[in-house]
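Trainee: no FASTA, just this:
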């Protein structure tokens, strides 16, 4: 099951990288922004326990945000290489 999901995610990322440049740039920017928001929310959740989020969930949110941010950076780098 994990291999199937991994293959579909890789296929999806490659398909995005080959699509329209403006759409990919917009997606990369949105992923970077959403990733930073998730990282920030996770960090706040680690310190404020009144919000109902556990430390483990906050750490998961930070990790997910990092993944989103890295994918956004990857898509940005891919577009920059295609432009040159």
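Mentor: Looks like it came in fine. As the structure is a computational prediction, the values presented were derived from the model and not from experiment.

Trainee: rest of the way, CA atoms for contacts and neighbours
Mentor: OK.

Trainee: Packing partners of the helix or strand where residue 12 lies?
Mentor: Assigned by DSSP states H and E, residue 12 belongs to helix 2-18. On a contact count with 3 or more C-alpha pairs under 8 Å, 6 or more residues apart in numbering; DSSP states H and E, helix 2-18 meets helix 55-83.

Trainee: residue contacts, residue 27?
Mentor: By C-alpha atoms under 8 Å, 6 or more residues apart in numbering, the contact list for residue 27 reads residue 72.

Trainee: Just want the angle from the helix holding residue 12 to helix 55-83.
Mentor: 40 degrees (axes from the mean of the first three to the mean of the last three C-alpha atoms, to 10 degrees).

Trainee: can you give me how far the helix or strand just after helix 2-18 is from the chain middle?
Mentor: Downstream of helix 2-18, the first helix or strand assigned by DSSP H and E is helix 21-47. Averaging C-alpha positions (C-alpha atoms, centre = their mean, to the nearest Å) puts helix 21-47 6 Å from its chain's average.

Trainee: Report the rounded mean pLDDT for helix 21-47.
Mentor: Per-residue pLDDT over helix 21-47 has a mean of 89.

Trainee: which residues sit against stretch 55-73?
Mentor: 27-43, 45-46, 49.

Trainee: do that again at 10 Å, thanks
Mentor: Stretch 55-73 has contacts (C-alpha atoms under 10 Å, 6 or more residues apart in numbering) with 13, 24-49, 54, 74-79.

Trainee: Mind checking which of these are buried?
Mentor: 24-25, 27-29, 31-43, 45-46, 54, 74-76, 78-79 (16 or more other C-alpha atoms under 10 Å).

Trainee: what's the distance between residue 42 and residue 78?
Mentor: Using C-alpha to C-alpha, to the nearest Å, one gets 28 Å for the distance from residue 42 to residue 78.

Trainee: Repeat that for residue 61.
Mentor: From residue 61 to residue 78 the distance is 26 Å (C-alpha to C-alpha).
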